[in-house]
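Colleague: Here is my input, please return the structure:
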Amino acid sequence: MSDLGFKQLTVENWLEKDRVNSYFVKLSLVDGHIRPIDGDDRVRALLAHSLKASVPVEVRRLFEVARGALAYGFYFYPLYTLASEQLFRVAEAAVTQKCRAIGIKLKKNNFEQKIEHLYAAGMISNQERDSWHSIRKTRNLVSHPRFQNIIAPASALDLLEHIAARVNTLFS
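Modeller: I've put the predicted structure just below:
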C-alpha cells in the first residue's frame, strides 16, 4: 500500500488481487466455515443484477461499463468507487431516455426537473420519485469531490442492485 491509501499500480502488481479484498470473507450458513471472497464470488454477485431488454441500449451500455468496472475492483479496489459513480450516470441516462420516450420536451438538462416531469406524467409513484431524488442527491455529492472517496464492495453491489431495480421499473 502506498501513501495514497490504496494500491499503487506497477507492472508487477496490476494483475494481482488488491490485498484489501482479502479482508472480506464469506460465511457458510451450512457449516459455519469462513473463507475469503474470491473473484468468482464477486462476479456471480454482480451478474445477479442486470437490466431488462426493454431498457434502451444506450442505458444498458452504460450499465455494463459500471458492472465491468465493479468486477475489476477485485484487482484495483478504487474501481468500486469509480463504478458506483458510473451507476449514477446510468440512472440519469435512464430518466432522460424515459422522458424522451414519452415525449417530454426538456428545456434544460436538469435531473431534478426530469424526475418531476416523470412524476407529473404519472410514470413514477411518489415513492419512486423519492427514490430517484435520493439517487440524484447522492450523484450530486459524488460528482463534486473534495477528496478521493473509497467505498466498500458491498455498498457498490447494493447500489448496483438499487439502480438496476429502479431502471427496470422505469422501463417495465
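Colleague: so where is this protein shaky, pLDDT-wise?
Modeller: Low-confidence regions of the chain, defined here as pLDDT under 70, cover residues 1.
Colleague: what's near enough to touch the residue of the chain most remote from its centre?
Modeller: For the chain, the C-alpha lying farthest from the average C-alpha position belongs to Asp31; by Cα atoms, centre = their mean, that distance is 32.3 Å. Residues near Asp31 by Cβ atoms under 8 Å, 6 or more residues apart in numbering: none. The C-beta positions use only the backbone N, C-alpha and C, and glycine is treated the same way.
Colleague: quick one: which helix or strand includes it?
Modeller: Following DSSP states H and E, there is no helix or strand that holds Asp31.
Colleague: what's the answer for Ala69, then?
Modeller: Counting by DSSP H and E, the secondary-structure element that holds Ala69 is helix 57-72.
Colleague: mind saving the C-alpha coords of that helix as PDB?
Modeller: Backbone C-alpha positions of helix 57-72 (Å, rounded to 0.1, in the frame of the first residue of the first chain) are rendered in PDB as follows:
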ATOM      1  CA  VAL A  57     -29.500   0.100 -25.400                       C
ATOM      2  CA  GLU A  58     -27.600   3.300 -24.600                       C
ATOM      3  CA  VAL A  59     -28.500   2.900 -20.900                       C
ATOM      4  CA  ARG A  60     -27.600  -0.800 -20.900                       C
ATOM      5  CA  ARG A  61     -24.200   0.000 -22.400                       C
ATOM      6  CA  LEU A  62     -23.500   2.500 -19.500                       C
ATOM      7  CA  PHE A  63     -24.700  -0.100 -17.000                       C
ATOM      8  CA  GLU A  64     -22.400  -2.800 -18.400                       C
ATOM      9  CA  VAL A  65     -19.400  -0.500 -18.100                       C
ATOM     10  CA  ALA A  66     -20.300   0.100 -14.500                       C
ATOM     11  CA  ARG A  67     -20.800  -3.600 -13.800                       C
ATOM     12  CA  GLY A  68     -17.500  -4.400 -15.600                       C
ATOM     13  CA  ALA A  69     -15.600  -1.800 -13.600                       C
ATOM     14  CA  LEU A  70     -17.100  -3.300 -10.400                       C
ATOM     15  CA  ALA A  71     -15.800  -6.700 -11.300                       C
ATOM     16  CA  TYR A  72     -12.300  -5.300 -11.800                       C
END
